[in-house]
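Colleague: The following comprises the amino acid sequence and a computationally predicted model.
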Amino acid sequence: MLAASIQVSGEPLSAAEVQDICDRLREDGVRLLSVRGCRLSDRDFGRVCRGVAASRCLVQLNLNLGVVSSIGRAHHLADALAANRSLQTLFLHGSPLLDAGLEALNPALAAHPALVCLDLGDCLLGDAALALICGMLPPDGAKSGLRELTLSANPRITTKAWARFSVAVAHSSQLRVLNLDYNPLGDQIAAMLAVAVASSRTLEVLDLEGTGLTNQSAQVFLDMVENYPTCLRVLVLAENEVSPELQQQISDLLSEGEEDGREGPPPPPGHAPSSALQPIREKPLPWLPHSNSSLPTVMLTSGVDESLLAEAEI
């Protein structure tokens, strides 16, 4: 049976539709499953999770925009992740997890043998959750760890927790893409992140859009990329109080480094390059409840979607 890409967006899912998804998961017929912003009962969510647990070929799972809407659902998902061995990419953007939800998910996330891309943007996370995320960035390379991490729009996290996180980023042996946009970081945390970038042997993309930065922190980044070797290729500073001239100088220097053929360490064996695991990312929005009717409608494919699945090839 050919693997399928199943994508449903912003629609209620009937019991029959959920049964069809579960059957395909158990038959190893799905590699990319997206039920972004969909409405389904707790019972049906549990059924989907059991299908995820049974699947041996599911690579990408998108539950963005409030699908994981309760602590009970977080526990169901944790059970699925504990049993699954194939998933590489998990999107939970816009799910009201809170710290308790991430605490429920953490053991399965931290122990998953293949997961390398995780989106926890706009999940109402706080300091306790960020401390757990630090544990997903191992320093010694003994475990693969996350290569792409999105923490956009989690304003409950304090400066103290971001400082600790910056140290974890500096010592991460795998992290290549880090999205922190729309968090109130300010210049103090940005300076710590600049040190982390300078220390990192892998980080290539850092998104700091709309994080309350000024020319002060931009100058620190400029000095860093001008005077020290770094793997960084992309630094996003849009929607900050940073002059266009400084942004352009930084961009030019990073472009020069890329043209010089600067490269980070090779990816770990058996994993696709980071770009292959990064579909279009959710931009931070207020959490959308299940009753929202303005989301896009259904796209469901029953055959192989080559353009999408090729990007998720292992």
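Modeller: Perfect, thanks for sending it.

Colleague: Can you list phi and psi of the residue nearest to residue 70 when sequence neighbours are not counted for me?
Modeller: Nearest non-adjacent residue to residue 70, counting by Cβ to Cβ, 6 or more residues apart in numbering: residue 42, 7.4 Å away. Every residue, glycine included, has its C-beta placed from N, CA and C. Residue 42 adopts backbone torsions of phi -60, psi -40, taken as degrees, to the nearest 10.

Colleague: Residue 42 and residue 73 touch, don't they?
Modeller: Yes: using Cβ atoms under 8 Å, residue 42 is in contact with residue 73, at 6.7 Å.

Colleague: ok, back up a step: count of residues packed around the residue nearest to residue 70?
Modeller: 12 (other Cβ atoms under 10 Å).

Colleague: show me the residues around it that make contact.
Modeller: By Cβ atoms under 8 Å, 6 or more residues apart in numbering, the residues touching residue 42 are 70, 72-73.

Colleague: So which of those residues wins on neighbours?
Modeller: With neighbours defined as other Cβ under 10 Å, the most crowded of the contacts of residue 42 is residue 73; it has 20 neighbours.

Colleague: Check whether that residue really touches residue 48, as I assumed.
Modeller: No: judged on Cβ under 8 Å, residue 73 makes no contact with residue 48 at a distance of 10.0 Å.

Colleague: where do the strands sit along this structure?
Modeller: Secondary structure of the chain (DSSP state E): strands located at 4-7, 30-34, 60-62, 89-91, 117-119, 148-150, 177-179, 205-207, 234-236, 299-300.

Colleague: least reliable of those strands going by mean pLDDT?
Modeller: Lowest mean pLDDT of the strands of the chain: strand 299-300, a mean of 34.

Colleague: picking up where we left off before, redo the strands of the chain as TSV? Include mean neighbour count and distance to residue 81.
Modeller: Below are the strands of the chain laid out as TSV (neighbours: other Cβ atoms under 10 Å; distance: least, Cβ to Cβ, whole Å):
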stretch	mean neighbour count	distance to residue 81
strand 4-7	20	19
strand 30-34	23	14
strand 60-62	24	9
strand 89-91	23	8
strand 117-119	24	11
strand 148-150	24	16
strand 177-179	24	21
strand 205-207	21	25
strand 234-236	18	29
strand 299-300	14	24
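
Colleague: Using TSV, lay out these together with distance to residue 167.
Modeller: Shown next, in TSV, are these (distance: least, Cβ to Cβ, whole Å):
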stretch	distance to residue 167
strand 4-7	38
strand 30-34	34
strand 60-62	30
strand 89-91	25
strand 117-119	19
strand 148-150	15
strand 177-179	14
strand 205-207	16
strand 234-236	20
strand 299-300	42
